[in-house]
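Chemist: sequence first, then the predicted structure, then my questions.
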Amino acid sequence: SAGRTGMGAVMGSKNLKAIVVKGNSFVPIIARAEKFKKSVKKTLNFILNTTTTKVLREFGTSATVKAAHAVGDLPIKYWTKGKWNDVDDVSAEKLKENFVIKRKSCYGCSIGCGKIIEVKNNDYNFSEWEGPEYETIAGFGSMLLNNDLEAISIANNLCNDYGFDTISGSSVIAFLYYLYNNGHIEKDQIDGLDLEWGNSEAMLTLIRKMAFREGIGDLLAEGSNAVGKEFNIPSSKIATINNLEAPYHDIRSCYGLSLTYAFAPRGACHTSGDVFKVLRRSNEVDYSSLGIKKLDMFANNKKMAKYSALLHDYRALYSSLITCFFINPPPEYMAELITTLLGIEFDIKKLKLTGERIFNIKRLFNIKMGLNSDNDQIPEILLTPTKEGAVKEKTPDFDKLKSYYYKIRKWDPSTGKPHVQKLAELGLENLEL
Ligand code: SF4
């Protein structure tokens with residue numbers, strides 16, 4: 001899938017292998033080599049000693065499953081429940097104990113959070129493959145009330161082989177289970193499949209059907225909104241934002257995340273701004289240089305909106321730097337790395353400004369493509385409080401947070417466009433729409 005949104009499939013369909021960018025200016029490889037080496041050492045020393053890194057190395061992102069459940073961050077039964085008694089069955093410990101055989105790392109990364117697993121005598125004759133990440137365990141596990149970790153691991157490999165994003169792939173399947181179990185669709189509309197919650201065999205069948213566009217799989221391949229349209233389901237019941245399936249962090253457990261999802265440039269995306277992660281781990285990494293301090297996860301105030309915006313900007317810069325968002329030194333370390341690498345003075349002020357410019361340029365691009373403030377929404381299903389669990393009866397005041405967000409951004413709430421004055425502040429006046 002080459003990440004979310006199916007870009008890999010689009011590129012594949014056009015036989016596009018790579019995009020080369022050519023410029024005229026000379027870019028030194030490492031401008032201040034000795035200082036850069038020192039900065040790298042300092043940064044590594046910080047990162048490798050954090051608890052997050054130690055946990056990622058030991059268990060990978062699957063360690064988040066139980067932790068997320070404990071704080072109400074794990075979505076359950078297509079976002080309708082707040083507690084799942086089987087969560088231990090799909091935990092990182094279970095994965096490690098039964099399936100993990102070694103660690104795997106992206107090129108050059110000293111954390112190495114990936115896991116290679118093996119499921120002996122599996123029906124698919126798969127040998128070794130990549131273990132499921134947190135999002136995949138949530139999507140094919142808790143979202144479907146499926147406690148079969150072996151089936152989740154197989155689903156992960158099928159999705160990887162077929163080129164599916166496991167978040168959207170699992171979410172559209174969970175949506176079908178939700179429709180079936182709530183009486184919106186009948187067996188004869190879904191190729192006679194029994195989609196009782198927890199049925200992992202049907203889940204694997206649906207992945208295959210989706211890949212080969214067989215029967216109901218042909219519709220699933222079009223995404224959740226297409227499924228909703230086919231069965232006359234109101235958009236309020238579909239867990240998508242701007243046509244992208246919501247990732248598996250629950251906005252009812254961190255209110256600022258509602259803004260992260262609603263304003264993410266590519267549709268619902270937790271990596272576009274991880275306010276939930278930063279606030280939860282504020283003891284570990286100090287973000288005060290960005291202007292972010294400890295805050296109640298359930299705050300519906302201006303500060304929460306500001307932090308969401310600041311992290312949108314910061315992660316926009318991260319994306320442009322092609323930096324993994326699991327690697328989190330204090331922001332001033334990042335500024336120092338950029339300065340010594342590129343030889344450009346890059347203090348915190350410049351770091352924030354650059355991130356804000358990138359985020360606003362993405363916004364302008366989307367507006368040019370037809371986006372407006374009507375797109376800045378969260379579907380009701382994600383805002384409906386659950387009746388149990390760690391965030392029982394809780395939900396953000398999204399409209400209030402949204403109005404703060406527009407003000408902080410200096411965007412027009414009626415059109416969604418950045419004000420001219422904001423564009424001038426960012427040196428982007430030539431991009432006014
Ligand atoms: S770059 Fe990120 S995703 Fe890859 S191994 Fe390192 S921490 Fe994990």
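Modeler: Cool, got the structure. Numbering: from 1, shown residues only.

Chemist: and the residue nearest to Thr271 when sequence neighbours are not counted, what does it touch?
Modeler: Leaving out its chain neighbours, the residue that sits closest to Thr271 by Cβ to Cβ, 6 or more residues apart in numbering is Phe325, at 5.5 Å. In this view, the C-beta of every residue, glycine as well, is placed from N, C-alpha and C. Applying Cβ atoms under 8 Å, 6 or more residues apart in numbering, we find Phe325 in contact with 271, 274, 315, 318.

Chemist: from the residues you listed, which ones fall inside helices?
Modeler: If you go by DSSP state H, the contacts of Phe325 have 315, 318 in helices.

Chemist: which two among the contacts of Phe325 are spaced furthest apart?
Modeler: Greatest spatial distance among these (Cβ to Cβ): Asp274 and Tyr318, at 9.7 Å.

Chemist: who has more neighbours, these two?
Modeler: Asp274 (25 against 22; other Cβ atoms under 10 Å).

Chemist: correct me, but that one touches Leu311?
Modeler: Yes. Contact criterion Cβ atoms under 8 Å: Asp274 and Leu311 qualify, at 6.1 Å.

Chemist: look up how far Gly3 lies from Thr240.
Modeler: Per Cβ to Cβ, to the nearest Å, Thr240 is found 17 Å from Gly3.

Chemist: so those two - more neighbours on which side?
Modeler: Thr240 (22 against 10).

Chemist: residues touching that one, list them.
Modeler: Applying Cβ under 8 Å, 6+ apart, the residues contacting Thr240 are 171, 223-225, 246, 267-268, 379.

Chemist: run through those residues and flag the ones next to the ligand.
Modeler: For the ligand, no contacts are drawn from those by Cβ under 6 Å from any ligand atom.

Chemist: restricted to helices, list these.
Modeler: Filtering the contacts of Thr240 for helices - DSSP H - leaves 171, 224-225.

Chemist: from the residues you listed, which is closest to Asn45?
Modeler: Distances from Asn45 to the ones in helices among the contacts of Thr240, taken by Cβ to Cβ, are shortest for Ser171, at 38.9 Å.

Chemist: chain neighbours aside, what residue packs nearest to the spatially most central residue of the chain?
Modeler: With distances taken as Cα atoms, centre = their mean, the residue of the chain nearest its centroid is His270 (3.3 Å). Of all residues not flanking His270 in the chain, Pro247 sits nearest, at 4.5 Å (Cβ to Cβ, 6+ apart).

Chemist: next, the distance between the ends of stretch 230-243.
Modeler: 15 Å (Cα to Cα, to the nearest Å).

Chemist: what residues of it count as buried?
Modeler: 233, 237-243 (16 or more other Cβ atoms under 10 Å).

Chemist: likewise stretch 58-78?
Modeler: For stretch 58-78, burial by neighbour count (16+ other Cβ under 10 Å) applies to 59-66, 68-69, 71-78.

Chemist: likewise stretch 192-200?
Modeler: Here stretch 192-200 shows 193, 195, 197-200 as buried, counting by 16+ other Cβ under 10 Å.

Chemist: dump the residue contacts of Ile173.
Modeler: By Cβ under 8 Å, 6+ apart, the residues touching Ile173 are 140, 144, 203, 206-207, 210, 220.

Chemist: same thing but at 6 Å, please
Modeler: 203, 206 (Cβ atoms under 6 Å, 6 or more residues apart in numbering).

Chemist: hang on, it in a strand?
Modeler: No. Assignment of Ile173 by DSSP: H, G, I helix; E, B strand; the rest coil gives helix, placing it outside any strand.

Chemist: that older thread, need the buried residues of stretch 192-200 in JSON lines (columns: distance to the ligand and pLDDT).
Modeler: Converted to JSON lines, the buried residues of stretch 192-200 look like this (distance: Cβ to the nearest ligand atom, whole Å; pLDDT from 0 to 100):
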{"residue": "Leu193", "distance to the ligand": "34", "pLDDT": "98"}
{"residue": "Leu195", "distance to the ligand": "32", "pLDDT": "98"}
{"residue": "Trp197", "distance to the ligand": "31", "pLDDT": "98"}
{"residue": "Gly198", "distance to the ligand": "30", "pLDDT": "98"}
{"residue": "Asn199", "distance to the ligand": "31", "pLDDT": "98"}
{"residue": "Ser200", "distance to the ligand": "26", "pLDDT": "98"}
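
Chemist: for the stretch 301-433 of the chain, which residues are neighbours of the ligand?
Modeler: 324, 326-327.

Chemist: same thing but at 5 Å, please
Modeler: 324, 326 (Cβ under 5 Å from any ligand atom).

Chemist: in the stretch 301-433 of the chain, which residue sits closest to the ligand?
Modeler: Proximity of the stretch 301-433 of the chain to the ligand (Cβ to the nearest ligand atom) peaks at Cys324, 3.2 Å away.
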